[in-house]
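K.L.:
Return a 3D structure for these sequence lines:
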Amino acid sequence: MASFILQPHRATPCDFVDSVTVEVAPAPGAWQFTYRVAGDIDRLDTPAPVRSGPPERTHELWRYTCFEAFARRPSDEAAGDETYAEFNFSPSGAWAAYRFDRYRAGMADLELAQPPGIVCQRQSHLLTVEVRIAAPELLPGSPLALSAVLKDLQGRVCYWALAHPAGKPDFHAAVGFTAILE
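P.N.:
Residues are numbered from 1 along each chain as shown. Now for the predicted structure:
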């Protein structure tokens, strides 16, 4: 298991969040991502859980509180291949998966054999979102970018990531791919 600490983007302060961490571990036939947000969670706007049936692919989850992982295949960068995958996980259980041909271009839905399993536990000072996902894009040695979009009850959004580029928040930027899937 590997643990990572996300950093807030300097242009989007988040005074009610103390920390955001992510643990990544292999699971049988899949990977387990555990996102933890510590702070005054009562101020965090989280979507209501999906109530009937399995969660479905949902677009534009980034407009709300959600957690993200971006992955490149281990050999892609060295071979000049710029493709990467984006995975979005909502505390509601909704999810999305995309494939990009290169930086923010050629976006298409990424088909998964089964939807990710997402379990959310909310307490007054801790939100935990556990994700179990199987995807061919998630291979040992894959460079990862891990991030979170946190929206408060007043509609303000703050962005957390392993690393941020200069300027506005951009989770797709190459500078964010600082973790390795092990």
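K.L.:
quick one: secondary structure of the closest residue to residue 3 other than its chain neighbours?
P.N.:
With C-beta to C-beta, 6 or more residues apart in numbering as the measure, residue 23 is the residue that lies nearest to residue 3, at 5.1 Å, once sequence neighbours are left out. Where you see a C-beta, it was placed from the backbone N, CA and C, and this is true even at glycine. Under DSSP: H, G, I helix; E, B strand; the rest coil, the three-state class of residue 23 is strand.
K.L.:
Would you map the strands across this protein?
P.N.:
Secondary structure of the chain (DSSP state E): strands at 2-8, 17-27, 30-39, 66-71, 84-89, 95-100, 108-109, 117-122, 126-133, 143-151, 157-161, 179-180.
K.L.:
quick one: buried residues of the longest one?
P.N.:
Residues 17, 20, 21, 22, 24 are the ones in strand 17-27 that count as buried (16 or more other C-beta atoms under 10 Å).
K.L.:
thought the first one was touching residue 36?
P.N.:
In other words, residue 17. No. In terms of C-beta atoms under 8 Å, residue 17 does not count as a neighbour of residue 36; the distance is 10.8 Å.
K.L.:
Any stretches of this structure with poor pLDDT?
P.N.:
Low-confidence segments of the chain, defined by pLDDT under 70, span residues 51-52, 76-79.
K.L.:
switch the cut-off to 80
P.N.:
Per-residue confidence for the chain (pLDDT under 80) gives these ranges: 50-55, 75-80.
K.L.:
I'd say residue 143 and residue 74 touch.
P.N.:
Yes. The criterion here is C-beta under 8 Å, and residue 143 meets it with residue 74 at 7.4 Å.
K.L.:
who has more neighbours, those two?
P.N.:
residue 143 (19 against 14; other C-beta atoms under 10 Å).
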